[in-house]
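K.L.:
sequence first, then the predicted structure:
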Amino acid sequence: MVHPISQANETSPFGSFTPEQFYSHHSITHSTDYFTNPRGLKIFTQSWTPLPPIKITGVICAVHGYTGESSWFVQLTAVHLAKSGFAVCAIDHQGHGFSDGLSLYIPDVNPVIDDCISFFNKFRAQHAPSLKSFLYSESLGGAIALLITLRRDEAAGKPYDGLILNGAMCGISDKFKPPWPLEHFLSVVAAVIPTWRVVPTRGSIPEVSFKVDWKRKLAMASPRRSVARPRAATARELLRICREVQDRYAEVEVPFLIIHGGDDVVCDPACVEELYRCAGSKDKTIKIYPGMWHQLVGEPDDDVETVFGDVVEWLKARATSELDA
């Protein structure tokens, strides 16, 4: 099954289609909504479900990364997964996409995790609650998804049946981190001026994430995409999240599939390799694709088909295993 990125162009994820024509072409229904979180922020959500005769065999909750959104590239992957027989939902984190909040400002990831859990549990309860449910995540979303699965309280809801980690941010590559002195004093800067866009990086995220030139241009074409420097408190929290996730590798018990570019200079492949070695999961798979970059959907189309063919195969095998038994 061909990933919908093949129909996009450098200005629109829908290519020559209108959004309505795009969904109709792929036999998908699409809906959007907002909810107001406990902090008074309106949080944008959306979902994609297949039309008959495609049978829904599971539920997927998608978690986007830093500077990302549930639209644009994540939406194309959501449509691809919906065409494969899944009801898919996604959320825009605070300060991202269509959600409220200061742009790209996440001084504490825990309220973001709370938003995800609240919406995902509601979606799972409303859409095929008897079927298996999975998390699909990209970059920072990978760390958020891992922390969702590590929540043990009643509010976390029923455990997930599997987790896809696409370019997961379990560790920021030294090739992308700010110079040592600034990283060392980041806590001080974040405490004094938390929203200051002071943190330099070694190249913008799109420049070092998307190998194919027109896909890089498409990433920059989103009216909600920012290439501004990370805010001090956000940068501090991203580094803290990596440390927390790394400290808890052994606690990870959910079945998971890691897909990661071997030449990823944003999120260090060595960190997900360590996750694979240390995780307590009995069902775990890792695929490091040599020569590929951070955004696997940003690779040439043949490579995209390989990667997301692996994803769909892994999901289908686990969504239907008990049904076929």
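P.N.:
The structure has been received and is ready for your questions.
K.L.:
in this structure, which spans are helices?
P.N.:
Per DSSP state H, the chain carries helices over the ranges 19-25, 73-83, 110-126, 140-150, 180-184, 186-192, 205-209, 213-221, 232-247, 269-278, 301-319, 321-324.
K.L.:
for the fourth one, give the mean pLDDT please.
P.N.:
When pLDDT is averaged along helix 140-150, the result is 97.
K.L.:
residue 73 reaches residue 219, doesn't it?
P.N.:
Yes - with contact defined as C-beta atoms under 8 Å, residue 73 reaches residue 219; the gap is 7.1 Å. (Glycine included, C-beta is placed from N, CA and C.)
K.L.:
what residues are shared contacts of those two?
P.N.:
295, 298 (C-beta atoms under 8 Å, 6 or more residues apart in numbering).
K.L.:
rewinding a little: mean neighbour count and distance to residue 37 for the helices of the chain - can I get that in CSV?
P.N.:
Shown next, in CSV, are the helices of the chain (neighbours: other C-beta atoms under 10 Å; distance: least, C-beta to C-beta, whole Å):
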stretch, mean neighbour count, distance to residue 37
helix 19-25, 15, 26
helix 73-83, 24, 20
helix 110-126, 18, 5
helix 140-150, 25, 15
helix 180-184, 11, 31
helix 186-192, 15, 23
helix 205-209, 21, 26
helix 213-221, 18, 27
helix 232-247, 19, 18
helix 269-278, 18, 29
helix 301-319, 17, 29
helix 321-324, 9, 34
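K.L.:
quick check: which ranges of the stretch 201-325 of the chain have low pLDDT?
P.N.:
Low-confidence segments of the stretch 201-325 of the chain (pLDDT under 70): 201-204, 322-325.
K.L.:
the residue nearest to residue 256 when sequence neighbours are not counted and residue 238, how far apart?
P.N.:
In space, and not counting its chain neighbours, residue 256 is closest to residue 163: 4.3 Å by C-beta to C-beta, 6 or more residues apart in numbering. The gap separating residue 163 from residue 238 is 20 Å, by C-beta to C-beta, to the nearest Å.
K.L.:
in terms of pLDDT, where does the nearest residue to residue 36 once chain neighbours are set aside sit?
P.N.:
Nearest non-adjacent residue to residue 36, counting by C-beta to C-beta, 6+ apart: residue 42, 5.6 Å away. On the pLDDT scale, residue 42 is placed at 98.
K.L.:
now do the contacts for residue 42.
P.N.:
If you count contacts by C-beta under 8 Å, 6+ apart, then residue 42 has 34-36, 99-100 around it.
K.L.:
cutoff 10 Å now
P.N.:
Counting by C-beta atoms under 10 Å, 6 or more residues apart in numbering, residue 42 makes contact with 34-36, 92, 94, 98-101.
K.L.:
and if you look at residue 143?
P.N.:
Neighbours of residue 143 in contact, by C-beta under 10 Å, 6+ apart: 63, 65-66, 109, 113, 137, 165, 168-171, 238, 241-242, 244-246, 267.
K.L.:
how close does it sit to residue 165?
P.N.:
9 Å.
K.L.:
need the residues touching each of those two.
P.N.:
Contacts common to residue 143 and residue 165, judged by C-beta under 10 Å, 6+ apart, are 137, 267.
K.L.:
gap between residue 305 and residue 154?
P.N.:
41 Å.
K.L.:
got it, and residue 118?
P.N.:
13 Å.
K.L.:
give the burial count for residue 257, as a bare number.
P.N.:
22 (other C-beta atoms under 10 Å).
K.L.:
number of residues surrounding the closest residue in space to residue 142 that isn't next to it in sequence?
P.N.:
Setting aside the residues directly before and after it, residue 142 is nearest to residue 168 in space (C-beta to C-beta, 6+ apart), at 2.6 Å. Residue neighbour count, defined by other C-beta under 10 Å, stands at 30 for residue 168.
K.L.:
now for residue 168: which residues touch it?
P.N.:
Counting by C-beta under 10 Å, 6+ apart, residue 168 has contacts 65, 137-146, 245, 256, 258-260, 264, 267, 269, 271-272, 275.
K.L.:
for residue 70, same thing?
P.N.:
32, 44-47, 62-64, 78, 88-93, 96-99.
K.L.:
what's the answer for residue 245, then?
P.N.:
Counting by C-beta under 10 Å, 6+ apart, residue 245 has contacts 142-144, 146-147, 150, 168-171, 251-252, 271, 275.
K.L.:
from those, which is closest to residue 197?
P.N.:
Nearest to residue 197, judged by C-beta to C-beta, of those is residue 169 at 19.6 Å.
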